[in-house]
Structures are given as structure tokens and as C-alpha cells.
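**Student:** Just to be clear, the model below is a prediction. Sequence and coordinates:
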Amino acid sequence: EDKVVQSPLSLVVHEGDTVTLNCSYEVTNFRSLLWYKQEKKAPTFLFMLTSSGIEKKSGRLSSILDKKELFSILNITATQTGDSAIYLCAAGGTSYGKLTFGQGTILTVHP
Amino acid sequence: DGGITQSPKYLFRKEGQNVTLSCEQNLNHDAMYWYRQDPGQGLRLIYYSQIVNDFQKGDIAEGYSVSREKKESFPLTVTSAQKNPTAFYLCASSIIPTGNSPLHFGNGTRLTVT
């Protein structure tokens, strides 16, 4: 059975801190790992990673995939209160429609 | 603006009643999905559809039914057979019917059954 595990499940930091969110996966015929940010309603897409060791960046967010050790990390530098959200990790294999999601990490950034 | 519209935002029902959640997209996406979100469990796939008039069960399809009569629409019916229907339901779509395209999500419907 496919499985995605995120850690920590929740994290409280202050503005300006740097955070690292973790995602490990076991997915049959793995093809890609995706990160989403969810603020109360619709999850919004952040990154899709398919190759090991290649960092993807968007502003203060970055992510990298390790296909040998079966994990990914999402880094957020200089956190802001607007970064407070649930961060979801999902892994996809070759089965159609089969994105397996982790439990999510609840990030709270205090001023 | 293209997007996915779910309605209603909040829905309250009595136990034993069927209820239908609406999902409409104007992104011209072929694939559509229904996920259920419970606290501490992430998102779980209920049903998905690659093309009009075709749909497949996901991991937790029992007690749910769907239809895909139009490309734009993928309604979900929560039947009285669903033992624990209170949850947050998210509809999504993707541009191509693979398991690895980024999903675009609607704003969700929060269903409460008492």
C-alpha cells in the first residue's frame, strides 16, 4: 500500500525563522512528488519534483527530492505570518489518479 | 477567470438522507477528482474520472456515488450508506488524466451530518 508520511505534524515559529518540513514516501512505481499549501480552503500548488537532487525555488520557498532515500524537504526562509498554513505533500506513481497525500504539517508563524 | 467551483460551501443534513455536492470547472480539464479531508489524515481519494461518462473508484468509494455526464461537471452524492460522512470534501481537476499532473482544487464543501 502506498504511503506518505510528513513531519512534524505541527510547528510554531516566529517571523524571520527558517523552517524545514519533511516528507517521506513509499509509492509503487514512483514518478513525482508534489507540495501544496492550504489556507483554510483550496490547496494551492507549490512544487512538483521528479528528479533527485535538483532544487526547485520560488521566492523564499524551496524544495528538493532524494529518490534514493525516498524523501523530500520543503524549506521556507525568513518566515512571515502569511506562511501560516497546512503544507501537504503528495506522491504519485504510474497508477492513474493515484496521488497519495500525507497528513499535512500545520505551520503557525507568530509575529 | 478559470477555476473550480464547489457548492455549497457548508451543508447540513440529517442522518439517513442522501446529499449531492456540486463541482464545476471551466478549465477545460479532462480529469476530475473527489477527495475527502479529515483532521490528521490528509486527503483521501473517493472517485476520479478521466473522461466524460467514465469514472473509477478511489480508496474510499463506499457510500459515495458520482456521475460525469458533462466535461465541466462532476457531482458527488453522499449516500445514507456512508457511515461517517461529516468531513471536508474537495473537488479537483488536472489538465491531463495522469497521476502526476498538478491538481487544481476547488474551495471545498464542509458537510455536517447529525
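**Tutor:** Arrived safely.
**Student:** Name the residues of chain A found near chain B, please.
**Tutor:** Residues of chain A lying near chain B by C-beta under 8 Å from any C-beta of the partner chain: A:4, A:6, A:9, A:31-32, A:34, A:36, A:41-45, A:48, A:50, A:88, A:90, A:92-99, A:101-104. Just so you know, the C-beta spots here come from the backbone N, C-alpha and C atoms, and that holds for glycine as well.
**Student:** Can you say which of those residues are buried?
**Tutor:** A:4, A:6, A:32, A:34, A:36, A:42-43, A:48, A:88, A:90, A:92-93, A:97-99, A:101-104 (16 or more other C-beta atoms under 10 Å in any protein chain shown).
**Student:** Residue B:29 contacts residue B:102, correct?
**Tutor:** No - when contacts are counted by C-beta atoms under 8 Å, residue B:29 is not listed as touching residue B:102 (10.9 Å).
**Student:** any residues in contact with both of those two?
**Tutor:** Listed contacts common to residue B:29 and residue B:102 are residue B:94; contacts here mean C-beta atoms under 8 Å, 6 or more residues apart in numbering or on different chains.
**Student:** mind listing what the residue nearest the centre of chain B touches?
**Tutor:** Chain B has residue B:34 as the residue nearest its centroid, 2.8 Å off, counting by C-alpha atoms, centre = their mean. Residues counted as contacts of residue B:34 (C-beta under 8 Å, 6+ apart) are B:23, B:45-48, B:58, B:64, B:66, B:74, B:76, B:89-92.
**Student:** May I have the beta-bridge partners of it?
**Tutor:** residue B:47, residue B:91 (DSSP bridges).
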